[in-house]
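[1] Take a look and give me a structure for this.
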Amino acid sequence: MWLSHVVNRYNVVLMLQLLSVLPETMIHVRAHQTCEVGREKNEDDDFRWVLPYKDPCQCKKVRYGGLNTFTPKRPFKPVYVEKPLVGDNVGEIRDHYDLNCIDMTCPINASVEGETDPGQPTGMITWKTKAIGNDGEPLSVVCDPPLGFSFPIGHTNITCLAEDQRGNNKSCAFDVSVIDKESPEITQCPLDQETITSPGATTAMVTYLTPNATDNSDDVISLICSPPSESEFHLGRTNVSCLAEDSSGNNGTCNFEIHVIDKEPPVFSTQCPADRQMVTSPRNATAMVTYQTPNSTDNSGEEVDVVCYPVSQSEFPIGLTTVTCVARDGNKEPPVFSTQCPADRQMVTSPRNATAMVTYQTPNATDNSGEEVDVVCYPVSQSEFPIGLTTVTCVARDGSENNRTCDFKIEVNGK
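    Residues are numbered from 1 along each chain as shown. Sure, this is the predicted structure:
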């Protein structure tokens, strides 16, 4: 009451003693900060109440402040009133000082992240905004681009605006980031293929069709296969890996196998011994024959075994004998199944039996030697299989005792 009495009588001296001097520029107030209402002279040299803040909507509490004997220059327009109001009731503060405030909430950290939609170069990103008017009622918020927009990969700036019926508005801005985590898809990946070495070489020049790659971003930076097509592949099996990468660093792969086999026989580097005639040893019906075993080389570069029969330094009978020399390289490639192993299947027991008669097609196999390959399966086809699960193993074996297996399962159930 005493302070009110002083104010009403414009006792400037007492006001100066009781209150501090108002700052000349109060531009920004942090949320929930206390603001001060004071007095200053106008152009007519009359005192008036002033709330000297650039954004008084951020004032959550008002208390008495100081006094200016002049009107300072400010880069904003302060709020002038005939009578002051102090306290911490935000609604009353805004009504009394005629503040048209809008409280607006936008995404935290001013950024929203999301991923592209499957198979698309865009992503449907959502966010939440809220605006409350001076009267405490919610206001509609309009964003550009709007919710429901398909955003491209990368960063897009969003501006949202809320406006009340009196034309007061408030805006906020944030970024939408669409991240592409979808890997490129490689199509038409080559099948495994088999080839033979080039004449006299340990390698084969292999050419294959480079696969295609597609990506949801429509932007595949590179597609590289290693080893590349039209390059030399060594004897044996080589895995070819193709890698496709998009502009976001995602990658997709496909793999296939190149099998280089050696079907080139060794070559005799020295001539076979010439035909010749011998006479029997004294009082014998045979003759001791000695000859030089020929040498042989192979495209593989490996040592070649040469075996002749009948062997040198052995007894030859009377008559004409042919000596055969065989040069064999180190090719130990097992046979390859040219037809698939039978599929797994289920059977039921024969009537009044605890077994089932099972018949299957024995798979075929081929060998790099060109020779016929024996394939044996056990248990054999057309035999009785007991109740339960039985694994059938098929073995393909070539003349060099190299072998390869495949297996399948027969399950017999009782009736």
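[2] Next one: the residue of the chain positioned farthest from its centre from D367, what distance?
    Distance to the chain centre peaks in the chain at R283, reaching 86.6 Å (criterion: Cα atoms, centre = their mean). R283 sits 50 Å away from D367, taking Cβ to Cβ, to the nearest Å as the criterion. All C-beta atoms are positioned from the backbone trio N, CA, C, and that covers glycine.
[3] and if you look at F76?
    F76 sits 94 Å away from D367 when distances are taken as Cβ to Cβ.
[4] partners of F47 in the sheet?
    K41 (DSSP bridges).
[5] How much space separates it from P84?
    Separation of F47 from P84 (Cβ to Cβ): 12 Å.
[6] correct me, but N68 touches K41?
    Yes: in this structure N68 lies within contact range of K41 using Cβ atoms under 8 Å: 6.9 Å.
[7] out of everything not next to it in sequence, what's closest to S247?
    Counting by Cβ to Cβ, 6 or more residues apart in numbering, S247 lies nearest to D219, which is 4.6 Å off, once chain neighbours are set aside.
[8] what is in contact with N68 and K41 at once?
    Common contact partners of N68 and K41 (Cβ atoms under 8 Å, 6 or more residues apart in numbering): none.
[9] quick one: which of these two has more around it?
    Here N68 and K41 are compared on neighbour count by other Cβ atoms under 10 Å; more neighbours surround N68, at 18 against 15.
[10] which residue packs closest to the more buried one, ignoring adjacent ones?
    Beyond its immediate neighbours in the sequence, the residue positioned closest to N68 (Cβ to Cβ, 6+ apart) is E40, lying 3.6 Å away.
[11] What is the neighbour count of that neighbour?
    As a burial measure, the neighbour count of E40 was computed by other Cβ under 10 Å and equals 21.
[12] hang on, it packs against G65?
    No: the criterion here is Cβ under 8 Å, and E40 misses it with G65 at 10.2 Å.
[13] between F76 and D367, which one's more packed in?
    Looking at F76 and D367 with other Cβ under 10 Å, you find the greater number of neighbours at D367, namely 21 against 13.
[14] just checking, that one touches F337?
    No: D367 lies out of contact with F337 (Cβ under 8 Å); the separation is 10.8 Å.
[15] The closest residue to N212 other than its chain neighbours: what's it in contact with?
    Counting by Cβ to Cβ, 6+ apart, N212 lies nearest to T187, which is 5.0 Å off, once chain neighbours are set aside. Each residue near T187 by Cβ under 8 Å, 6+ apart is listed here: 211-214.
[16] ok, of the residues you listed, which come out buried?
    Listed as buried from these are 211, 213; burial here means 16 or more other Cβ atoms under 10 Å.
[17] Put together JSON lines for the contacts of T187, with pLDDT, secondary structure and distance to G123 on each row.
    Formatted as JSON lines, the entries for the contacts of T187 read as follows, by pLDDT from 0 to 100; DSSP: H, G, I helix; E, B strand; the rest coil; distance: Cβ to Cβ, whole Å:
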{"residue": "P211", "pLDDT": "94", "secondary structure": "coil", "distance to G123": "28"}
{"residue": "N212", "pLDDT": "92", "secondary structure": "strand", "distance to G123": "25"}
{"residue": "A213", "pLDDT": "93", "secondary structure": "strand", "distance to G123": "21"}
{"residue": "T214", "pLDDT": "92", "secondary structure": "strand", "distance to G123": "18"}
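[18] And the strands in the stretch 201-350 of the chain, which stretches?
    Per DSSP state E, counting those that start in this stretch, the stretch 201-350 of the chain has strands spanning 203-206, 212-214, 220-226, 231-234, 236-246, 251-261, 267-268, 286-289, 296-297, 305-309, 314-317, 324-328, 336-337, 345-348. These are given in chain order.
[19] so how many other residues sit close to I224?
    I224 is surrounded by 11 other residues when neighbours are defined as other Cβ under 10 Å.
[20] Could you report the distance from it to I258?
    Summarising the geometry, the distance separating I224 from I258, computed by Cβ to Cβ, is 16 Å.
[21] now swap in A201 and tell me
    Applying Cβ to Cβ, the value for A201 to I258 is 15 Å.
[22] neighbour-wise, which of those two wins?
    Under the criterion of other Cβ under 10 Å, the comparison of A201 against I258 puts I258 first, with 21 against 17.
[23] got the contact list for that one?
    I258 makes contact with 192-195, 206, 208, 233, 237-238, 240 under the criterion Cβ under 8 Å, 6+ apart.
[24] now, among the residues you listed, which is nearest to R352?
    D192 (47.9 Å; Cβ to Cβ).
[25] Would you confirm that that closest one contacts H259?
    Yes: counting by Cβ under 8 Å, H259 is a contact partner of D192 at 7.0 Å.
[26] Neighbours of the nearest residue to L51 once chain neighbours are set aside, how many?
    Using Cβ to Cβ, 6+ apart and skipping the chain neighbours, the partner closest in space to L51 is V79 (4.2 Å). Other residues near V79 number 16, with proximity taken as other Cβ under 10 Å.
[27] Can you give me the pLDDT of V79?
    If you check V79, the pLDDT there is 92.
[28] surely it meets D55?
    No: with contacts defined as Cβ under 8 Å, V79 does not count as touching D55, sitting 10.6 Å away.
[29] on that earlier part again, nearest to D374, out of the strands of the stretch 201-350 of the chain?
    Checking those against D374 by Cβ to Cβ gives strand 336-337 as the closest, at 12.8 Å.
[30] partners of the closest one, with directions?
    In the sheet containing strand 336-337, the strands it pairs with under DSSP bridges are strand 365-366 (antiparallel).
[31] Now do P184 against P351, distance only.
    Note on P184: its distance to P351, by Cβ to Cβ, is 58 Å.
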